[in-house]
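>>> Predicted model and sequence follow; I will ask about them next.
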Amino acid sequence: MISRHVARRSVAALLVAATVLPAQAAFAEPAPPAPGAGAELVPGEYQPWQTVTPDQVLAPQVYVPSAAEDAVEPAEAAPGAYDLVEYVPLSDAVARVACTTSRGPYQRQVERWLKLKVDGKQSKADCKAIRAFQVKHKIKPAIGFAGPITWSRMQYLSAKKNPNAAKKCPVRTYRVACVDQDRQITWVQKGKKVVFGPVPMRSGRAGYRTRTGWFTVYWKHKNHVSTLYHQPMPYAQFFSGGQAFHAVYDSIFTTVGSMGCVNLRLGDARKLWGVLKKGDRVYVWGRRPGA
């Protein structure tokens, strides 16, 4: 619990910083780190709702919600909140190029997935093929850059038919929620049958990694609000201390991960809420790229 005295001092310090720094510097958000590339990458389109994920670090206080509380459905996300916005070179974003000549951090992987010549070099043919894929899957801006969002989408599409083809998630007779941090997807299986997903997700960033191993869903709270950040965590299903499946109202398609929770789009979190029950098992493995 933070005292009011400390809180007032913190606010005062922030106000002083805001008056000392130029306006642009005071309010500018740091650009996300480039995943495996030397050039600075930024979101190719501005999204005002992109914020730091308000995940809960500490375990919540467990209680039984009233019927009236459970009857309230979480608010819908803003239109476009979950758009696939690629991270592109700053120069390309500023110039609004139609087809980039820049080599993306996932150039070879994307070339291989599209069955192009795998040489790790951006060509006109590469740009045309990547751009066509981006247009088809509504990735913006569609400029042919082999960035993290494009590669993430390709991995998701490859996993749709059989997410457990590599048998990394243990098969049991009961429901198991599988959290694949390597590919940033999650699904639920019972035996070999997939009963939910796979769907894209966002797990913990460096320093706040989502814990790996076996866990159990111990509390479900539809209208949970973080006691640390006072932000909504709709359809929260806690499985390890303060780490939970829950929806967020900003994009999950970012190069920066959560504070440990498994973030989902609202519609996916709502469906998962109806699939998982208290006592169901969760299995987490791998590591989020960059974490």
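Structure received.
>>> Any stretches of the chain with poor pLDDT?
Low-confidence segments of the chain, defined by pLDDT under 70: 1-39, 42-43, 45-57, 229.
>>> one more time with 90
In the predicted model of the chain, residues 1-61, 207-208, 225-231, 255-256, 259, 289-291 satisfy pLDDT under 90.
>>> can you map out the strands along it?
Ranges of strands in the chain, per DSSP state E, are 41-43, 84-85, 87-89, 139-140, 175-180, 185-190, 193-200, 213-216, 219-225, 232-240, 243-247, 262-264, 281-285.
>>> now the second one, how far from the chain's geometric center?
This points to strand 84-85. 12 Å (C-alpha atoms, centre = their mean, to the nearest Å).
>>> Neighbouring strands - and their directions - for that strand?
Using DSSP bridges, strand 84-85 pairs in its sheet with strand 139-140 (parallel).
>>> Tell me which of the strands of the chain sits most buried.
strand 262-264 (a mean of 28; mean count of other C-beta atoms under 10 Å). Where C-beta positions appear, they are placed from N, C-alpha and C, glycine not excepted.
>>> who does that strand touch, helix- and strand-wise?
strand 243-247 (3 or more C-beta pairs under 8 Å, 6 or more residues apart in numbering; DSSP states H and E).
>>> ok so, going back, reformat the strands of the chain as TSV; add distance to A59.
Formatted as TSV, those follow (distance: least, C-beta to C-beta, whole Å):
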stretch	distance to A59
strand 41-43	33
strand 84-85	33
strand 87-89	33
strand 139-140	37
strand 175-180	18
strand 185-190	21
strand 193-200	25
strand 213-216	12
strand 219-225	9
strand 232-240	7
strand 243-247	9
strand 262-264	16
strand 281-285	15
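>>> closest to V72 out of the ones you listed?
strand 219-225 (5.7 Å; C-beta to C-beta).
>>> okay, the angle between that closest one and strand 243-247?
60 degrees (axes from the mean of the first three to the mean of the last three C-alpha atoms, to 10 degrees).
>>> got the contact list for strand 219-225?
60, 62, 65, 69-70, 72-74, 231-238, 244, 246, 273, 276, 278 (C-beta atoms under 8 Å, 6 or more residues apart in numbering).
>>> what's the distance between R103 and E86?
R103 is 14 Å from E86, where distance means C-beta to C-beta, to the nearest Å.
>>> just so I know, which of the strands of the chain lies nearest P148?
Nearest of the strands of the chain to P148, taken as C-beta to C-beta: strand 87-89 at 5.8 Å.
>>> Give me the sheet partners of that closest one and which way each runs.
Short version: by DSSP bridges, strand 87-89 pairs with strand 41-43 (antiparallel).
>>> ok, now which ones touch R202?
Contact partners of R202, counting by C-beta under 8 Å, 6+ apart, are T53, Q184, V248, I252, F253, T254, G257, S258, V262, N263, R288.
>>> just to revisit the earlier point, please say which of R103 and E86 ends up with more neighbours.
E86 (29 against 18; other C-beta atoms under 10 Å).
>>> Does the more buried one touch I149 like I think?
Yes - here E86 lies in contact with I149, judged by C-beta atoms under 8 Å, at a distance of 4.5 Å.
>>> Name the residues contacting each of these two.
Counting by C-beta under 8 Å, 6+ apart, the contacts common to E86 and I149 are I139.
>>> re earlier: can you say which of the strands of the chain is nearest to A132?
strand 139-140 (10.9 Å).
>>> how far is the closest one from where the chain is centred?
16 Å.
>>> re the thing from before, tell me which of the contacts of R202 is nearest to G80?
Closest approach between the contacts of R202 and G80, by C-beta to C-beta: F253, at 11.9 Å.
>>> Verify the contact between that closest one and Y156 for me.
No - when contacts are counted by C-beta under 8 Å, F253 is not listed as touching Y156 (10.4 Å).
>>> quick one: which of those two has more around it?
Shown here are F253 and Y156; by other C-beta under 10 Å, F253 has more neighbours (23 against 19).
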